[in-house]
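A.B. asks: the sequence isn't on hand, but the structure is:
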C-alpha cells in the first residue's frame, strides 16, 4: 500500500489523559513512517478538517510529543460540533472527504465518545462511496464511561481517582470539626446520565461509617424525605455526613434536582448546581451546618492526580488504533478488555463501530447497594482497579510542567469552507 | 526542672498539614522524654481540655505518629469554640488550669490562628496568677495566611499550590474547548477577609494571556461594569477567560457579592456562592457560556498535592514550639523567617504572643497589579517559594494512606464540666 498521511482529531469534552492517546497515536505512527506519512491533527477537532486547519504534527519534536502524555486538556483543541446524519450534513461530510483527498489522508483517528464513534463510522462509509477508502478508527475517550463493549473508557479512571481521593480528604476535614462546626458536606460530581463518577466516590471509604455516607445516583429516583432521614441518622450516629451527589440526580418523574425549582439555603429559588440545592434541603429540613463543593472542570483536568492505569490505557488505545489501521482494519475501535479482577489485568481488544455508535452503557444496578445509597462489592470490584497507580507529571518551581503546543498549520489546498 | 506533661490542641479550621505540626510536637517531645512526660492531645481541641477528654498520645507507636506528617484534617479533632476575655469566660479559663494541674501539665502547645494565639496568651497569664506556671507556646496554622510577624503561615502554601495547579489544569481544559463551548470559567476560592489564596492562583500563569486572566480580590472593590468589560475583552482577545474569585469579593460599600441579592444565571436570586453569582452576571451582561467551580474544603484538605515547603515548615514550627518551651520560653510563637527569595531560604524565628494576638495581617497592596486584577512581580516573588516541592503521601490500591487514630483517653480526675 502506498504511504498515506493520517488525520487525528479530539472530540467533545476533554479529559486529563486524552493527550496521552494523542501521544500514543503520534509516537506509533512515527515508528511506522514507511506506511504513515504526516500525522495531521484537527485544530479544534473535526472543525479543523472542515476548515482545512490541519496542524502539522511533524513539526513537533519527539520530546514535545512525549510531554503530551502528561498534559491535561486537549492539546490540539476539541469541539462540540456534532455532525448529524448524512442527509442533514451531506455538504460537511463531503467536505471532509475532499480535505482528506487533498492531503492524501488515508488514516482517520477520531478520539472521542458516543457521538464521535457514530461520526467516525459515517465518514468511513461515505469515504468508501466517494472512492476515497479510509481506514477509520475510533479511539475511545470519555469521563462519562458510557461507551459499550469496552470494559471502561480512558479518562474515567482519573476522574474516579480524583473524586475518591477528594472525598476522603474532605471527609477527614469535616470529621475533625464536626463537634462544633460543619456536619454535612456535599460534593457535586459530573455524570448527567449515569452514576459512574459518583459511584467511584464510594472508593473513598471501606467500612461501616466511613465517608461517603451517601451517594446520590441519577439511577435512583431522589426522594427528599428518605434522603433527609438518612442524613439525619448519619449525623446522629457518626457526628457528620458526607454526600457525593451526581449532577444528574433526579426525581422519580425525571426532573433534575438542579432544575426543579427548589430553594437554596436562604429560601431563594436555586438553580445551576445540585450541591447548593441539596444543601438548601439540609438547612430547611434538618438545620445542620453544611458546606458544599462543586468540582466541575477540576475533576476532569486534574492530571496531577491521574490514575497510572488510566494513563497507560489512554496511551495504549492510541497505539492500538494506529496498529489496527495498519492491519487494514476499518470502522473499528480498540477496547479495554478486563481479563482478571484480582490481580487486575487488562489487554486491548477490538470492536466494530456499528456495535459502539449510539449505544450508551449504563451502570449495572447491582453496582449500587440495595438501599440505593452506596456501591456494592460488585461495584467496588469494578471501580477499584481503574484508579490504581500514580503517574505524576514533572514539576518545576512547584508547578506541573504541561506542554502548550505552537500549532503549525499545513498549507491550505482548497477553497474556504464555512462549517 | 521536674518532668511535666504537655497538652497539645488543634484549633479552628484544619489544614492539610496541621497534623505535620502535631507530628513535630510529639516526635520532638519524645526526644526529650527526660523533661516532657506524656503529650496529651485535646479531643476536639480546647474543648477536650475543658471536658477533660485528654487523648494519651503515648499510646501511639512511633510509626503511627510518623504517619501524621502526611495525613490531612485534624487527627485529634479541632473546634470553633472561642474563649472570649477572661471576665466573660473566667469559669472556663479556671477549669483549664484545674485540668492542667490535675494532669501535671506544664507545657501547652496551641496550634491555630489569630483567635487561638489570643487564647494561648490569656491562658498563660491566668496560669501564672493561679500559681500554675505554664510554658504556653502558640504553633501557627492557618490557610488564611493572616498571622503577623511570621513571613507566612503553615497551611497556606499547600492551599496556594492546590489553587495554582487547579487553575492551570482547568484553564487547559477550557482553552481546548472554547471555540465551540465554554468561554468563561470561574473558580471560587477561600479567603473571606484577604486575597492571599486568590493571589496564589496567579501562579498558574506566567505571561501575557495566560490564565487566570482575572483575579478578583476582597481588597479591590468590585465594580460590575469594569469586570464585565475585562471579561469581554479577554474572551475577544484570547477566546476564553479564566477567573479566580475570592469568596470575600465585595462591593465598594463592603457588601459581599455573595450576599448582595444578585441573581444567578437563571434570573433567580442567588446566594451562598460567589462563583454562581458572578456566573449569573456573565450570562446576563455578556451571554457567554460559562462554568464555575467551588473548591471549598477540597482546597484545604488536598494533602495529595501538598507543598513540600509547607509540610517542612509545618513540622518545623511544631518541633520549634517544643524546643522553645524547653528553653523556658513562655507566651511565644515560632515564626517562619524568609532569609532569601532566590534561592528561597527560611529559618525559624520567634515572636511574642502579645505581638500576634488579635493582629490580622493583610496582603500588601503592591502584591496586586495596579489595575487590581492580577499579582505583581512583588506578589509572585512572595508566593512562588511557598508552593515549592512535592510531598506525596504513600498510596495503596490507588488511594492515599491516611492514618485515622484510635483515641485512647486518659483517666479523668476531676468532676464533669459543661463547657
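C.D. replies: Nice, thanks for sending it over. The structure displayed is predicted, hence computed values, not measured ones.

A.B. asks: check which helix or strand the spatially closest residue to residue A:75 that is not a sequence neighbour maps to.
C.D. replies: Of all residues not flanking residue A:75 in the chain, residue A:19 sits nearest, at 4.9 Å (C-beta to C-beta, 6 or more residues apart in numbering or on different chains). C-beta: built from backbone N, CA, C; applies to glycine. Residue A:19 belongs to helix A:18-31 when assigned by DSSP states H and E.

A.B. asks: thinking again about what came up before, so what's the residue nearest to residue A:75 up against?
C.D. replies: A:68-69, A:71-75 (C-beta atoms under 8 Å, 6 or more residues apart in numbering or on different chains).

A.B. asks: now do residue A:271, the pLDDT please.
C.D. replies: In this model, residue A:271 is scored at 41, pLDDT.

A.B. asks: for the residue in the stretch 151-300 of chain A positioned nearest to chain B, the count of nearby residues, please.
C.D. replies: Closest approach between the stretch 151-300 of chain A and chain B, counting by C-beta to the nearest C-beta: residue A:172, at 3.0 Å. Residue A:172: 24 surrounding residues under other C-beta atoms under 10 Å in any protein chain shown.

A.B. asks: and the next element down the chain from the longest helix anywhere in chain A?
C.D. replies: Secondary structure of chain A per DSSP state H: the longest helix is helix A:156-177. Using DSSP H and E, the helix or strand that follows helix A:156-177 in sequence is strand A:184-189.

A.B. asks: mind giving me the packing neighbours of that following strand?
C.D. replies: Packed against strand A:184-189, as judged by 3 or more C-beta pairs under 8 Å, 6 or more residues apart in numbering or on different chains; DSSP states H and E, are the following elements: helix A:156-177, strand A:241-246, helix A:274-285, strand A:290-294.

A.B. asks: tell me what whatever helix or strand comes next after that strand is packed against?
C.D. replies: Going down the chain from strand A:184-189, the next helix or strand is helix A:196-200, by DSSP H and E. Packing partners of helix A:196-200 (3+ C-beta pairs under 8 Å, 6+ apart): helix A:156-177, strand A:214-216, strand A:241-246, helix A:377-383.

A.B. asks: could you list the domains of chain A?
C.D. replies: In terms of domains, chain A is parsed into A:4-142+A:303-357+A:390-400, A:156-301 (source: automatic domain parsing).

A.B. asks: the longest one: end-to-end distance?
C.D. replies: Translated: domain A:4-142+A:303-357+A:390-400. 36 Å (C-alpha to C-alpha, to the nearest Å).

A.B. asks: what's the mean pLDDT across that domain?
C.D. replies: 96.

A.B. asks: quick one: it to chain centroid distance?
C.D. replies: Domain A:4-142+A:303-357+A:390-400 has its C-alpha centroid displaced from the chain centroid by 14 Å (C-alpha atoms, centre = their mean, to the nearest Å).

A.B. asks: ok, stretch A:409-419 next?
C.D. replies: Its chain's average C-alpha position is 30 Å from that of stretch A:409-419, according to C-alpha atoms, centre = their mean.

A.B. asks: what is the rounded mean pLDDT of it?
C.D. replies: 95.

A.B. asks: same check on stretch A:239-254?
C.D. replies: Rounded mean pLDDT across stretch A:239-254 is 96.

A.B. asks: if we can go back for a sec, okay if I get the helices and strands packed on helix A:196-200 as CSV plus distance to residue B:247?
C.D. replies: CSV is the format used below for the helices and strands packed on helix A:196-200 (distance: least, C-beta to C-beta, whole Å):
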stretch, distance to residue B:247
helix A:156-177, 16
strand A:214-216, 25
strand A:241-246, 21
helix A:377-383, 33
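
A.B. asks: how about the residues of the stretch 301-419 of chain A by chain B?
C.D. replies: When proximity is defined by C-beta under 8 Å from any C-beta of the partner chain, the stretch 301-419 of chain A lies next to chain B at A:301-305, A:307, A:309, A:384, A:387-390, A:392, A:395, A:397-400, A:402, A:404.

A.B. asks: repeat that for the stretch 101-250 of chain A.
C.D. replies: Along the stretch 101-250 of chain A, the residues adjacent to chain B under the rule C-beta under 8 Å from any C-beta are A:161, A:164-166, A:168-177, A:179-181, A:185, A:187, A:203-204.

A.B. asks: and the most centrally placed residue in chain A, what does it touch?
C.D. replies: The centroid of chain A falls nearest to residue A:143 when counting by C-alpha atoms, centre = their mean (1.8 Å). By C-beta under 8 Å, 6+ apart, the contact list for residue A:143 reads A:13, A:15, A:153, A:155-156, A:159, A:190, A:197, A:299-300.

A.B. asks: now do the strands in chain A.
C.D. replies: In chain A, the strands defined using DSSP state E lie at A:4-10, A:36-42, A:54-56, A:105-112, A:135-140, A:184-189, A:214-216, A:241-246, A:290-294, A:332-340, A:345-352, A:395-396, A:399-400.

A.B. asks: columns mean neighbour count and distance to residue A:30 on top of those strands, output as JSON lines?
C.D. replies: As requested, the strands of chain A are exported to JSON lines (neighbours: other C-beta atoms under 10 Å in any protein chain shown; distance: least, C-beta to C-beta, whole Å):
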{"stretch": "strand A:4-10", "mean neighbour count": "26", "distance to residue A:30": "11"}
{"stretch": "strand A:36-42", "mean neighbour count": "25", "distance to residue A:30": "8"}
{"stretch": "strand A:54-56", "mean neighbour count": "23", "distance to residue A:30": "13"}
{"stretch": "strand A:105-112", "mean neighbour count": "27", "distance to residue A:30": "13"}
{"stretch": "strand A:135-140", "mean neighbour count": "29", "distance to residue A:30": "17"}
{"stretch": "strand A:184-189", "mean neighbour count": "29", "distance to residue A:30": "37"}
{"stretch": "strand A:214-216", "mean neighbour count": "25", "distance to residue A:30": "44"}
{"stretch": "strand A:241-246", "mean neighbour count": "29", "distance to residue A:30": "41"}
{"stretch": "strand A:290-294", "mean neighbour count": "25", "distance to residue A:30": "41"}
{"stretch": "strand A:332-340", "mean neighbour count": "20", "distance to residue A:30": "18"}
{"stretch": "strand A:345-352", "mean neighbour count": "15", "distance to residue A:30": "19"}
{"stretch": "strand A:395-396", "mean neighbour count": "13", "distance to residue A:30": "26"}
{"stretch": "strand A:399-400", "mean neighbour count": "20", "distance to residue A:30": "25"}
